[in-house]
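A.B. asks: Give the three-dimensional model of this entry:
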Amino acid sequence: MLYAHVTISLDGFMAGPDISRELPMGAGGERLHDWIFDPSPADREIIFDTFAAVGAVVLGRRTFDVGLDQWNDTPYPVPSFVVTHRTRDDLEMRSASFSFVGDLAAAVRRAHAAAGEKHVIIMGADVTRQALKAELVDELRLQLAPFTLGSGTRLFTGADRHVFECLDTRITPHATHLRYRVVCQRIAPRA
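C.D. replies: Residues are numbered from 1 along each chain as shown. Coordinates of the predicted model:
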């Protein structure tokens, strides 16, 4: 199963403005992950369940570029596949490796093979949008943080149209955790 694991602000941003290596979540965006860095017991359970289920990661090049210095490893201790037009040799890390793949579908295939019976998680706004458009995502795990950013990188753009079925909702002090099955990857806009 491929699922997108995403935290967004109430106004739909996955990161604040001005993303850089110094501000990998953009200005003000670090608060999006308060549920990870200052977790409640319910947040800890979600974190534990996620780590236990993940067998491989697919991420975009921008997420890799701004995240590597923060992680100092792969984002999860599993093989990670970076979708990029600038491929390079694999990068071995402490707990796993990064492989650089020039095509999203190929990266997803390789991730599924590496994951075995476990799930593949996708990270990054652009690569998540591409995977939804390509009808590759099975489930959306959305953490809704209780604040607004005003601008930044959105998960969904105005052109995105998808249908989801809610499977689970959990509310914690730092986020509302929503789990959706992707019912219809793309739908036509209403006339």
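A.B. asks: going forward, measure contacts between C-alpha atoms and count neighbours the same way
C.D. replies: OK.
A.B. asks: pretty sure T128 contacts I122?
C.D. replies: Yes - contact criterion Cα atoms under 8 Å: T128 and I122 qualify, at 6.4 Å.
A.B. asks: Surely V6 and L142 touch.
C.D. replies: Yes - V6 lies in contact with L142 (Cα under 8 Å); the separation is 5.0 Å.
A.B. asks: ok, those two, which is more surrounded?
C.D. replies: V6 (21 against 18; other Cα atoms under 10 Å).
A.B. asks: Buried residues, stretch 75-87. List them.
C.D. replies: 75-84 (16 or more other Cα atoms under 10 Å).
A.B. asks: In helices, which of the residues you listed appear?
C.D. replies: Of the buried residues of stretch 75-87, none are assigned to helices by DSSP state H.
A.B. asks: what do T128 and I122 both touch?
C.D. replies: Listed as contacting both T128 and I122 by Cα atoms under 8 Å, 6 or more residues apart in numbering are A4.
A.B. asks: Do a quick rundown of the strands in the protein.
C.D. replies: Per DSSP state E, the chain carries strands over the ranges 2-9, 13-15, 54-60, 80-83, 91-92, 97-101, 119-123, 139-145, 153-154, 163-171, 176-184.
A.B. asks: Provide the strand pairings for the third one, with the direction of each partner.
C.D. replies: Meaning strand 54-60. Partner strands for strand 54-60, per DSSP bridges, with pairing direction: strand 80-83 (parallel), strand 119-123 (parallel).
A.B. asks: Kindly reformat the ones you listed as TSV and extend each row with mean pLDDT and distance to D65.
C.D. replies: Shown next, in TSV, are the strands paired with strand 54-60 (pLDDT from 0 to 100; distance: least, Cα to Cα, whole Å):
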stretch	mean pLDDT	distance to D65
strand 80-83	97	10
strand 119-123	97	13
